[in-house]
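sharing a model that was predicted from the sequence below.
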Amino acid sequence: MYYNAALVLEGGGMRGNYTAGVLDAFIANDIQFKCVIGVSAGALAGVNFVSKQFRRTFEVNCRYSKDKDYISFSRLLRKENFFNLEFLFADHGFEWHNFDERAYSRSETNFIPVATRLNDGKMVYFEKPIGQELEDALCASATLPFIAKPYQTSQGLCMDGGFSDSIPYDLAQKLGFNKIVVVRTQERSYRKKPTSRVMKELYLHEFKEYPDFAKAAITRPQVYNRSLNILDGLEELGEVYCIAPQEEVKVGRLERNPERISELYHVGFDDAIKAQSEMLTYLR
């Protein structure tokens, strides 16, 4: 069933495997959305949802979590990105879960990855990008400071979308949607702690040429927590519908343990199945 609604996907690195589970439950039950907005890991999972590639995010993250060509601290020693995001879009042969860009392009869903522009620290978004622009937008959206270099995109030099808008339900509102489903990757009570003095100094030093981005990174916890408070209020009013883990998520942003990744994926799948009836009532 195709719904005139927006699906908003939070990031969180390997915590995005919770989102992957939720999205695969949607695919299994033919639940589709007019618009999918993804941030960081949410965008990487969301693009596979739009192309209807069941379990692609899960299979790649579990099977290749310890592949040095995909994820490795040794890459940092070679001054390369910790996550080799181009790895996700390369052709690795028949056994590999290649991204189906033809299916993605044919989809009626408007896919929007979100990133943060370095020059001004503002959120930028890309509406249904294709080809190289799609790859650049996804890589930029999921590029973390200190362990990866910024990506050049059609909207300038960008990094992780979470630094400007971690859960862009407000973008869905701006685009005119009055039905919005949000998938979070932390339990509802989670709030970020203020940026430490050490991290402030690191941001200011690393991004001295981009002071607005450094400011956005430093103030991210306050902006994120305020956003969650607003989102909680909207959920109570029935204006948005949220799916979130019921318990504290123990999987880290850089998790490489396949068993823990698999467990979180299945938690997301089961949570989506449990929420399905209530969510569809909201969407109707």
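Perfect, thanks for sending it.

residue 111 should be in a strand, yeah?
Yes. The assignment for residue 111 (DSSP: H, G, I helix; E, B strand; the rest coil) places it in a strand.

find the centremost residue of the protein, please.
residue 42 (1.9 Å; CA atoms, centre = their mean).

now that one: which helix or strand?
helix 41-50 (DSSP states H and E).

can you list the buried residues in the helix or strand just after that helix?
Once the chain leaves helix 41-50, the next helix or strand it forms, by DSSP H and E, is helix 56-63. Judged by neighbour count (16 or more other CB atoms under 10 Å), helix 56-63 contains these buried residues: 56-62. (Each C-beta comes from the backbone N, C-alpha and C, glycine too.)

could I get the pLDDT score of residue 276?
pLDDT for residue 276: 96.

tally of neighbours for the closest residue to it other than its chain neighbours?
Residue nearest to residue 276 in three dimensions, not counting chain neighbours: residue 29, with 6.5 Å by CB to CB, 6 or more residues apart in numbering. Counted by other CB atoms under 10 Å, the residues lying close to residue 29 total 12.

same deal with residue 87?
16.

in three-state terms, label it for me.
Per three-state DSSP, residue 87 ends up helix.

can you pull the pLDDT of it?
Residue 87 is given a pLDDT of 72.

re the thing from before, now the buried residues of helix 56-63 in a markdown table, with pLDDT and distance to residue 112?
Below are the buried residues of helix 56-63 laid out as a markdown table (pLDDT from 0 to 100; distance: CB to CB, whole Å):
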| residue | pLDDT | distance to residue 112 |
| --- | --- | --- |
| 56 | 90 | 19 |
| 57 | 91 | 18 |
| 58 | 90 | 23 |
| 59 | 87 | 24 |
| 60 | 85 | 22 |
| 61 | 84 | 22 |
| 62 | 80 | 27 |
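
the longest helix seen in the chain packs against which elements?
The longest helix of the chain (DSSP state H) is helix 258-283. Under the contact definition 3 or more CB pairs under 8 Å, 6 or more residues apart in numbering; DSSP states H and E, helix 258-283 sits against helix 16-28, helix 56-63, strand 180-183, strand 240-243.

one more pass at 6 Å, please.
helix 16-28, helix 56-63, strand 240-243 (3 or more CB pairs under 6 Å, 6 or more residues apart in numbering; DSSP states H and E).

quick check: the residue nearest to residue 167 when sequence neighbours are not counted vs residue 200, distance?
Ranked by CB to CB, 6+ apart and with sequence neighbours excluded, the top spatial neighbour of residue 167 is residue 10, at 4.9 Å. Between residue 10 and residue 200 the distance is 24 Å, computed by CB to CB, to the nearest Å.

what about these two, which has more around it?
Neighbour count, other CB under 10 Å: between residue 10 and residue 200, residue 10 has more, with 27 against 16.

thought that one was touching residue 184?
Yes. The pair residue 10 / residue 184 is scored as a contact, 5.1 Å apart, by CB atoms under 6 Å.
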